[in-house]
Structure formats: C-alpha cells, structure tokens
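Q: generate coordinates for the sequence data below:
(one chain, ligands or ions: 1)
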Amino acid sequence: MRDGHAGGASAGTGRAGDPDLRVSLCGLEWKNPVGAASGTFSARESGLAYDFSQLGAVTVKGLSKEPWQGNPTPRIAECPSGMLNAIGLENKGAGRFVAEDLPFLRAFIGDSGTRVIANVAGHSVGDCCEAAEALDCDGVDMLELNISCPNVEMGGMGFGTDPRMAAEVTGAVRARVKRPLIVKLTPNVTDIAEIARAVEAAGADAVSLINTLLGMRIDLGRRRPALANITGGLSGPAIRPVAVRMVYQVSRAVKIPVIGMGGIMSGEDAAEFLMAGASAVEVGTAALIDPSAPLDILKGLSAFMSENGFGSVAALRAALGTGQK
Ligand SMILES: Cc1cc2nc3c(=O)[nH]c(=O)nc-3n(C[C@H](O)[C@H](O)[C@H](O)COP(=O)(O)O)c2cc1C
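A: I've put the predicted structure just below:
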C-alpha cells in the first residue's frame with residue numbers, strides 16, 4: 001500500500017499543473033497539509049482501510065505516562081451533525097506505545113515523509129512532562145500537548161481554560177523535550193486568542209484547535225444522561241463554524257502556526273480552514289464514519305485548489321487578504 005504514495009494515486013502532488021501542497025510547520029516540511037486527528041486514528045486499524053502514508057501527518061491517540069482505563073460506558077452518543085464522546089483518554093501508556101505500536105507505524109510510513117505526532121496527556125504538570133519525555137523519541141516527529149480534553153477530571157481541559165495554567169504546563173513540557181511542541185486548545189473558553197497568546201509566550205511552537213465542545217444528551221426512554229460520564233465532547237460538522245471562527249481569531253493573534261480541525265468532511269471544508277489562516281488541518285470524526293476520509297479530503301482539497309487557481313497552500317491562506325501572518 002505504501003508504494004502507492006509515489007505514484008498517480010498521490011493526491012495531486014508531482015504532476016504538472018497540480019498545486020504545490022507542501023507546507024512548513026515549526027521547521028519541518030509536511031508533504032501536504034492534511035493529517036489525521038488524535039483519537040480517531042489507529043495505525044493498525046486505519047492501515048487496513050487506506051494508505052495513510054499519503055497524508056501529511058498522523059496524530060496518535062492521547063498517551064499518558066502510565067496506562068489509563070478511561071470512563072465507564074456508554075461513552076459515545078450520536079447527535080444531529082456530530083457525536084458526543086466521553087472516552088476519557090483510555091490508553092496503554094507511552095512506554096507500551098513506543099515499544100508495541102510505534103515500530104509498526106514507522107514501518108507502514110516507510111520513507112514517505114508522513115509526520116508522526118504523539119498526543120500527550122497528564123493529570124498534572126509533572127504527569128504531562130513525564131509522558132512528553134517518554135514520547136520525545138526516535139520515530140516521533142512532533143509532540144502535541146492536549147490541554148483540552150473535556151472528559152477527564154484532572155488536567156485536560158482544566159489546564160486549557162486558564163491562561164496561567166496553560167502557560168505553566170506548556171513551559172514545563174517545553175523545557176523537557178527536544179521536538180517541536182504543538183499545544184492543543186479547547187473551544188470551551190470565552191477568549192481562545194488569550195490562551196493561544198499565553199502558550200505561545202510560554203514556548204509553544206504551534207497550536208492546534210479545536211478539541212471538542214462540552215455537551216450533553218439525555219436518553220428520554222431511560223430517563224438518564226446518554227453518557228455514563230453525563231457530559232461529553234461534541235465533534236463533527238456541527239462544530240465546524242465555531243472551529244473556523246476560532247482558527248481565524250487565533251491565526252491573527254499569534255505568530256506560530258495553527259493546525260485547524262473541527263468537523264472537516266470534504267476538501268472544501270479543509271480549504272475553508274486554510275483560508276481562515278490554518279497552516280494545516282486534521283480530520284477526526286469523518287474518519288469514524290469512513291476510515292479513509294482523510295485521504296478523500298486530501299484529494300478533494302487538491303482538486304478544489306486546481307479548479308480554483310490556487311497554486312499553493314500559501315495562496316489559499318492569503319485569499320482573505322486580511323491580517324495574514
Ligand atoms: C472519539 C474521539 C476521541 C478523541 N480523542 C482525543 C485525544 O485522545 N486527544 C486529543 O487531543 N483529541 C482527541 N479528540 C479530539 C479530536 O482530535 C478533534 O480535535 C475533535 O474531534 C474535532 O475534530 P472533528 O470534528 O474532525 O472530530 C477525540 C475526538 C473523538 C471524536
């Protein structure tokens with residue numbers, strides 16, 4: 001499957017007249033600006049469905065230093081135009097990921113150039129530092145610090161809603177790792193630009209947004225909350241306009257690159273985020289409906305750019321003509 005990367009199946013790179021999809025983030029080149037978002041991508045399962053080595057980047061599920069069990073079930077509820085999840089960052093721990101999963105992921109990617117991003121979780125500043133250090137290793141290209149999960153009691157979104165806490169955990173992790181550090185922001189705040197500026201000042205190399213919006217559903221028949229955790233995080237097309245607005249605001253508030261996500265279902269949706277100011281995008285919930293959605297979205301983006309005369313991602317980002325970095 002990997003071999004398909006270099007040939008005609010690739011999403012518009014390399015042929016005369018195709019747009020140049022390459023982007024540079026934190027000194028690293030991504031061969032195109034479309035990635036798979038954390039929590040919705042698994043190397044083994046996604047690899048059965050499609051050749052993810054054609055993507056610009058893949059972000060693995062949130063990883064803590066020690067294994068976490070996650071929340072009780074039910075922890076998924078469908079909603080109009082999206083879904084609620086309250087997984088609670090269940091994961092096998094950074095050490096087992098590095099030993100068991102990373103070699104498979106790297107072998108699949110081969111020399112295709114797809115960037116590997118490890119998503120870091122912790123209940124405390126110290127926890128985050130330890131997990132980040134364990135993942136700051138060969139085979140990982142970038143780290144993404146999740147200070148935005150709405151489904152864990154300690155850490156997670158608690159870090160991401162207070163600019164001082166967000167800066168403290170960002171600064172502590174930045175001091176302990178060598179790889180570029182992306183900080184993932186929550187939309188559950190009044191002013192996301194303030195949080196973005198705080199983590200930029202504390203040393204973040206990029207920000208990614210948005211994580212899920214806090215929500216709730218009630219199962220009328222059972223007269224119970226639909227999720228055992230009562231509340232969960234809303235993702236999917238329902239949140240896209242909120243995400244585009246926040247990407248627009250944050251990309252004008254900071255100098256570091258912005259990775260945009262939230263309800264991207266098509267190439268046009270991806271183009272909207274790039275035009276709002278994102279340097280790259282990631283696809284989450286769409287991949288839970290169709291695992292190969294990130295690749296279709298990449299192809300759709302390339303087609304949109306060709307049909308509309310955008311020769312590069314930079315041209316798309318400059319299209320609004322206001323306040324671009
Ligand atoms: C089931 C599920 C699990 C997720 N797990 C994580 C996670 O471990 N770490 C993280 O930073 N974001 C996680 N997210 C958030 C997504 O990466 C993404 O930011 C969000 O869902 C918005 O994008 P989307 O609408 O395309 O899904 C998860 C989302 C879903 C739906």
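
Q: now for the residue of the stretch 201-325 of the chain found nearest the ligand: which residues touch it?
A: Of all residues in the stretch 201-325 of the chain, residue 284 sits closest to the ligand, at 2.4 Å by C-beta to the nearest ligand atom. (Glycine included, C-beta is placed from N, CA and C.) Taking C-beta atoms under 8 Å, 6 or more residues apart in numbering, we find residue 284 in contact with 36-40, 235, 261-262, 264.

Q: read off the pLDDT value for the nearest residue to it once chain neighbours are set aside.
A: Nearest residue to residue 284, sequence neighbours excluded (C-beta to C-beta, 6 or more residues apart in numbering): residue 37, at 3.6 Å. pLDDT for residue 37: 98.

Q: correct me if wrong: residue 37 contacts residue 59.
A: Yes: Residue 37 is within contact range of residue 59, at 5.9 Å (criterion: C-beta atoms under 8 Å).

Q: which residues are in contact with both of those two?
A: Shared contacts of residue 37 and residue 59 (C-beta under 8 Å, 6+ apart): residue 282.

Q: quick check: residues of the stretch 201-325 of the chain near the ligand?
A: By the rule C-beta under 6 Å from any ligand atom, the part of the stretch 201-325 of the chain lying against the ligand is 211-212, 235-236, 239, 261-264, 283-285.

Q: can you name the residue of the stretch 51-200 of the chain nearest the ligand?
A: Counting by C-beta to the nearest ligand atom, the stretch 51-200 of the chain gets nearest the ligand through residue 62, at 3.0 Å.

Q: and that residue, how many neighbours?
A: The local packing of residue 62 (other C-beta atoms under 10 Å) involves 26 other residues.

Q: now do the same contact list for it.
A: Each residue near residue 62 by C-beta under 8 Å, 6+ apart is listed here: 38-39, 89, 91, 119-121, 146, 149.

Q: in CSV: the residues of the stretch 201-325 of the chain next to the ligand, plus pLDDT, secondary structure and distance to residue 179.
A: Listed next are those as CSV, based on pLDDT from 0 to 100; DSSP: H, G, I helix; E, B strand; the rest coil; distance: C-beta to C-beta, whole Å:
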residue, pLDDT, secondary structure, distance to residue 179
211, 97, coil, 21
212, 97, coil, 25
235, 98, strand, 26
236, 98, coil, 30
239, 98, helix, 29
261, 98, coil, 20
262, 98, coil, 25
263, 98, coil, 28
264, 98, coil, 25
283, 98, strand, 23
284, 98, coil, 22
285, 98, helix, 27
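
Q: among those, who's most crowded?
A: Neighbours here mean other C-beta under 10 Å. Within those, the largest count is held by residue 262, at 32 neighbours.

Q: out of the contacts of residue 284, the closest to residue 69 would be?
A: residue 39 (15.7 Å; C-beta to C-beta).

Q: how about the nearest residue to that closest one, chain neighbours excluded?
A: Closest to residue 39 by C-beta to C-beta, 6+ apart is residue 61, at 5.3 Å.

Q: what's the neighbour count on that neighbour?
A: Neighbour count of residue 61, defined by other C-beta under 10 Å: 19.

Q: that one against residue 43, yeah?
A: No: shown here, residue 61 and residue 43 do not form a contact pair, counting by C-beta under 8 Å, at 10.0 Å.

Q: alpha carbons of the lowest-mean-pLDDT helix or strand in the chain, as PDB, please.
A: None of the helices or strands of the chain scores lower by mean pLDDT, DSSP states H and E than helix 157-160, at a mean of 84. Extracted C-alpha coordinates of helix 157-160, given in PDB (Å, rounded to 0.1, in the frame of the first residue of the first chain):
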ATOM      1  CA  MET A 157      -9.400  21.000  29.800                       C
ATOM      2  CA  GLY A 158      -8.700  22.300  33.300                       C
ATOM      3  CA  PHE A 159      -5.200  23.400  32.000                       C
ATOM      4  CA  GLY A 160      -6.600  24.800  28.800                       C
END
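
Q: ok now that helix, how far from the chain's centre?
A: Here helix 157-160 is found 17 Å from its chain centre; the criterion is C-alpha atoms, centre = their mean, to the nearest Å.

Q: any bit of that helix sitting next to the ligand?
A: No: Helix 157-160 lies out of reach of the ligand by C-beta under 6 Å from any ligand atom, never closer than 10.2 Å.

Q: would you tell me what the next helix or strand after that helix is?
A: helix 163-176 (DSSP states H and E).

Q: helices of the stretch 51-200 of the chain, residue ranges please.
A: Under the criterion DSSP state H, counting those that start in this stretch, the stretch 51-200 of the chain carries helices at the ranges 94-96, 102-109, 125-135, 157-160, 163-176, 192-201.
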